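> please work out how this folds:
(chains A and B)
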Amino acid sequence: DAGVTQSPTHLIKTRGQQVTLRCSPKSGHDTVSWYQQALGQGPQFIFQYYEEEERQRGNFPDRFSGHQFPNYSSELNVNALLLGDSALYLCASSQPRGIGYTFGSGTRLTVV
Amino acid sequence: RKEVEQDPGPFNVPEGATVAFNCTYSNSASQSFFWYRQDCRKEPKLLMSVYSSGNEDGRFTAQLNRASQYISLLIRDSKLSDSATYLCVVNMEYGNKLVFGAGTILRVKS
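Now for the predicted structure:
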């Protein structure tokens, strides 16, 4: 049984560019959450998707947007990249009410 | 004030030592509590949930004090393989977002 799958694993982008990160949830999970983890910090909640809608959002600017598809997979889009967006981006999936919360191995984004 | 605060690290301990990590949280409405372990450049993995009555899993013991808004993790008989970052995590609303502390680095040396 595959766990949470994220792609790509690593990415290098230039300031001002746009990036799309992808996440496939664990089988049986329908809720996807995204987190940003800067070096030396704990993960910070970006937003959560359920039934193809953003259910809750953390303290991140509108440059960060997302989408959930009918098969529960999700994308995270970041526009107008800044150097400070360099981080490990983690996707977590769960069943409703947070049951079985599982993280993917993350996408490491470097903005140069 | 940060929502979840942890002891600053790193903790450098010899094999076999007992080490304790502390954590405080600011929101009294917090509902569920966890310790996660994160190895270098890997994703966080659930170590254990934390219950008001205290709970133990082998060499690991977790305690929660809701009145003081304080969480602890005790590791007995430390192993080299325990070297990692330990993240204190709080969930304000069941099933919703997790709020992480910055983490405490543990280094166990032979």
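> just give the number of residues close to residue 37.
Going with chain A. By the measure other C-beta atoms under 10 Å in any protein chain shown, the count of residues near A:Q37 is 21. (Glycine included, C-beta is placed from N, CA and C.)
> wrong one, I was asking about chain B
By other C-beta under 10 Å, 19 other residues sit near B:R37.
> list the buried ones in the helix or strand encompassing it?
Assessed by DSSP states H and E, B:R37 sits inside strand B:32-38. Across strand B:32-38, burial judged by 16 or more other C-beta atoms under 10 Å in any protein chain shown covers B:32-38.
> could you say what helices and strands it packs with?
With contacts taken as 3 or more C-beta pairs under 8 Å, 6 or more residues apart in numbering or on different chains; DSSP states H and E, strand B:32-38 sits against strand B:45-50, strand B:60-65, strand B:70-75, strand B:84-91.
> now render the ones you listed as a markdown table, adding distance to chain A, mean pLDDT and mean neighbour count.
Listed next are the helices and strands packed on strand B:32-38 as a markdown table, based on distance: least, C-beta to the nearest C-beta, whole Å; pLDDT from 0 to 100; neighbours: other C-beta atoms under 10 Å in any protein chain shown:
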| stretch | distance to chain A | mean pLDDT | mean neighbour count |
| --- | --- | --- | --- |
| strand B:45-50 | 7 | 94 | 17 |
| strand B:60-65 | 17 | 96 | 18 |
| strand B:70-75 | 14 | 96 | 20 |
| strand B:84-91 | 5 | 95 | 24 |
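> in TSV: those strands, plus distance to A:Q44.
Below are these laid out as TSV (distance: least, C-beta to C-beta, whole Å):
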stretch	distance to A:Q44
strand B:45-50	18
strand B:60-65	23
strand B:70-75	19
strand B:84-91	12
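> returning to that earlier point: any chance you could list what contacts the strand holding B:R37?
Strand B:32-38 is contacted by residues A:98, B:21, B:25, B:44-50, B:60, B:62, B:64, B:71, B:73, B:84-91, B:94, B:98, B:100, B:103 when judged by C-beta atoms under 8 Å, 6 or more residues apart in numbering or on different chains.
> now the helices for chain A?
Along chain A, counting by DSSP state H, no stretch forms helices.
> who's in contact with the residue nearest the centre of it?
Nearest residue to the geometric centre of chain A (C-alpha atoms, centre = their mean): A:W34, 3.4 Å. Counting by C-beta under 8 Å, 6+ apart, A:W34 touches A:23, A:45-48, A:66, A:74, A:76, A:89-92.
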